[in-house]
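> how would this look folded up:
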Amino acid sequence: MLNINKVLDIAIEKDASDIHLIKGLKPILRIARELKEIEEEDILGETELYEAYDYFVRGNIDKDETYKATKRLDTSFEYADVRLRVNISSAEDLPIFTLRIIKNTLPRFEELGVPDIVRRMTLQPQGLILVTGKTNSGKTTTLNALINEINESHNKKILTLEKPIEFKHKCKKSMIVQKEVGRGGDVDNFRDGVKNSLREDCDILVIRRD
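Prediction:
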């Protein structure tokens, strides 16, 4: 039997960035870019993977129907004040899981090594900034650090459309509204979210999708 709470506790204690739950393997953590199995856990079978599915979907009909229709689900989950980005996909017709642990604190913008001109671009009265890169290159961290920089220093309304929401911001000098995109979320799709943003008097619109 899979004790998911125990797996999450171990991952948090070891400062893992990701957790992998896959049939035929023990739960695996990514720690400092290395993959390491949790030796004290059992090898995962069909029963354990469906237990994990029930744990993360929690009877949500929209999420369940999305996964069954597409064999893919991106959602967020909170455990012991730690946020997780949960990706459920399919292999051998069984759900498999990639869980990303979201840090509760953001690095300061200057710690990221991003040129200061990027920060100054966010202060322009209008324009478009694209944050792009390969998987795990720091796109989400950079974007949220930029939001936090504005939040701490300027009086703006920031509206985000995210799939899913990873880092939860608290309003400081700015007002921040975060909306999760997707069936069962705050808005069904990005098109409708962008269209409605024109009626929401936002100074800055952030669109983030993986």
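> hmm, who's touching stretch 76-94?
Contacts with stretch 76-94, where a contact means Cβ atoms under 8 Å, 6 or more residues apart in numbering, come from 5, 8-9, 12, 22-23, 46, 49-50, 53, 56-57, 67, 71-75, 95-102, 104, 164-168, 180. No exception for glycine: its C-beta is placed from N, CA and C like everyone else's.
> Just the buried residues from these, in ChimeraX please.
Buried members of the contacts of stretch 76-94, defined by 16 or more other Cβ atoms under 10 Å, are picked up in ChimeraX with:
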select :8,12,22,49,53,56,57,67,73,74,75,95,96,97,98,99,100,101,102,164,165,166,167,180
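> can you map out the strands along this protein?
Ranges of strands in the chain, per DSSP state E, are 18-21, 28-31, 34-37, 73-79, 82-91, 94-102, 157-163, 175-180, 204-209.
> Distance-wise, check the residue in the chain sticking out farthest from the centre relative to residue 118.
The C-alpha centroid of the chain is most remote from residue 125, which lies 28.5 Å away (Cα atoms, centre = their mean). Relative to residue 118, residue 125 is positioned 17 Å away (Cβ to Cβ, to the nearest Å).
> cool, and residue 10?
37 Å.
> Kindly report the same for residue 90.
38 Å.
> Ok, residue 178 next?
Residue 178 sits 22 Å away from residue 118, going by Cβ to Cβ.
> same check, this time on residue 60
37 Å.
> Perfect, that will be all.
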